[in-house]
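Novice: build me a structure from this.
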Amino acid sequence: MELPALAVVPPAPTVPTQRECVLITAHEELGVLETGFNEGPRIVEYQQSTRAAKKSPYCASAVHWCLRSCGLVMRPEWEFAAAARWSKEREVFRKGQLEMYQDAGLGHALDRISMDGDIGLLYYPSLKRVGHCFMIVGENEDYVKTIEWNTGSGGEREGSGCFMRQRDKEAIHSIHRPPYAD
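Specialist: Numbers count the residues shown, from 1 in each chain. Below you'll find the model as predicted:
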């Protein structure tokens, strides 16, 4: 007697969490380049996400676009383009906390100051304000690994596209956690 063949059922596809979706989306943007100063088809999409003017800096608009692409819309959109305006909410780290923990002998308590998918901000004394934001995609003892828009391979603030970078934790002004659904 011949036994019937067993059906092989493929595993059900897994749906990424909202945070995973944002990280995948950000990674897919690596290599997007401007076609002129703060211009290009994808750059315009980023700017439209926050209603920012054409040719305006787009680092925060690109982060917003990644979040929006995964169903997380930070409102009001035009406030998100000005990172310093929305950044007071959902802060999980601020410059000076590293030193505070180290001085107290608790440096080990800060194995990580971020989670992948958090948003980092840089403060520029020459501007007297926050002037750049990025998506955090990894971290080690001294650095956060980032995906940044409107930067260059050398780390300039007004760059030519989307690049992966590494930022010294000491240089970070603050880190903020979007309200992911997961």
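Novice: the residue nearest to residue 94 when sequence neighbours are not counted: how many residues sit nearby?
Specialist: Of all residues not flanking residue 94 in the chain, residue 174 sits nearest, at 4.7 Å (Cβ to Cβ, 6 or more residues apart in numbering). From N, CA and C alone the C-beta is placed, and that goes for glycine too. For residue 174, the count of nearby residues is 22 (other Cβ atoms under 10 Å).
Novice: for residue 81, same thing?
Specialist: 25.
Novice: residue contacts, the closest residue to it other than its chain neighbours?
Specialist: Excluding the flanking residues, the one nearest residue 81 by Cβ to Cβ, 6+ apart is residue 50, at 3.8 Å. Counting by Cβ atoms under 8 Å, 6 or more residues apart in numbering, residue 50 touches 60-61, 64-65, 77-78, 80-81.
Novice: what about the chain, any weak spots by pLDDT?
Specialist: Within the chain, the segments meeting pLDDT under 70 span 1, 3-5, 7, 83-87, 98-110.
Novice: give the next helix or strand downstream of the biggest strand by length in the chain.
Specialist: Secondary structure of the chain per DSSP state E: the longest strand is strand 129-139. Counting by DSSP states H and E, the next helix or strand C-terminal to strand 129-139 is strand 143-151.
Novice: what pairs with the longest strand of the chain, parallel or antiparallel?
Specialist: strand 119-124 (antiparallel), strand 143-151 (antiparallel) (DSSP bridges).
Novice: so which of those comes closest to residue 19?
Specialist: The closest of those to residue 19 is strand 119-124. By Cβ to Cβ, the value is 11.9 Å.
Novice: list the buried ones in that closest one?
Specialist: Residues 119-123 are the ones in strand 119-124 that count as buried (16 or more other Cβ atoms under 10 Å).
Novice: separation between the residue nearest to the spatial centre of the chain and residue 50?
Specialist: By Cα atoms, centre = their mean, the mean C-alpha position of the chain lies nearest to residue 135, the distance being 1.4 Å. Distance of residue 135 to residue 50, given as Cβ to Cβ, to the nearest Å: 15 Å.
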